[in-house]
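J.: Here is my input; please provide its structure:
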Amino acid sequence: MSFPEKVYTAKELKAARTLVDQGYKHNLVVEGQSEFTKKVKEALEHIKTAGYYDYLQTYIQKIVEIDGMTQLRETEVAIWANKFAVDNPVDAASLFIQKAFSMDEYMHGKLYYGGAAEARSIAKRVEFLQALKEKSQDKEVKEECERLLSLWADSSL
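T.: Sure thing, here's the model as predicted:
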């Protein structure tokens, strides 16, 4: 069974969920201009460092540059991101994990949007930043994780 081209109908969602539950991983594709793809690849390296790349590949099949609002495209199993969303590769990495978490909830039939779902996806983002901070050997990456964690902590008050 191959992964559905779209994940929209109940049948497509069931097929996608079955494959994911059996360990399916996407061959992640990045589409966009060279500066965008360079930044995304930096973000992906951070995701690998933190140990979350398999998770990302499970729930996201492509990251596409757009000239508009950054968003998860559930039916396309894709993240649409603008150039500003990837300007900071550490923050972009955490955003990608947050969106992968929302896709995880979508595929498993959970409410993946709204207040409580947003709080859960942000918690996943914070978890990722903590893991990257612990596992990275790069001082600048650790400092950026700390800065972002501080911002998320301040915003939760």
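
J.: Pull out the buried positions in the helix or strand residue 148 falls within.
T.: Counting by DSSP states H and E, the element that carries residue 148 is helix 139-156. Buried residues in helix 139-156, defined by neighbour count with 16 or more other Cβ atoms under 10 Å: 141-142, 144-145, 148-149. Placement of C-beta: from N, CA and C, glycine included.

J.: same thing with stretch 44-51?
T.: 44, 46-47, 49-50.

J.: for stretch 51-70, same thing?
T.: Those would be 52-53, 55-66, 70, for stretch 51-70 by 16+ other Cβ under 10 Å.

J.: ends of it, how far apart?
T.: 24 Å (Cα to Cα, to the nearest Å).

J.: now do stretch 71-85
T.: Stretch 71-85: ends 10 Å apart by Cα to Cα.

J.: hmm, who's touching it?
T.: The contact list for stretch 71-85 (Cβ atoms under 8 Å, 6 or more residues apart in numbering) reads 3, 6-8, 16, 26, 33, 35-36, 39-40, 59-70, 92, 95-96, 99, 102-103, 106, 112.

J.: Would you map the helices across this protein?
T.: 10-21, 34-50, 53-59, 89-107, 115-135, 139-156 (DSSP state H).

J.: in the chain, which helix or strand is least confident?
T.: helix 139-156 (a mean of 93; mean pLDDT, DSSP states H and E).

J.: elements contacting it?
T.: helix 89-107, helix 115-135 (3 or more Cβ pairs under 8 Å, 6 or more residues apart in numbering; DSSP states H and E).

J.: and if we set it to 6 Å?
T.: Helix 139-156 makes packing contacts with helix 115-135 when contacts are defined by 3 or more Cβ pairs under 6 Å, 6 or more residues apart in numbering; DSSP states H and E.

J.: I'd say residue 129 and residue 150 touch.
T.: No - between residue 129 and residue 150 there is no contact under Cβ atoms under 6 Å: 10.1 Å.

J.: what do those two both touch?
T.: By Cβ atoms under 6 Å, 6 or more residues apart in numbering, residue 129 and residue 150 have no common neighbours.

J.: quick one: the residue nearest the centre of the chain and residue 103, what's the gap?
T.: With distances taken as Cα atoms, centre = their mean, the residue of the chain nearest its centroid is residue 96 (2.2 Å). The gap separating residue 96 from residue 103 is 10 Å, by Cβ to Cβ, to the nearest Å.
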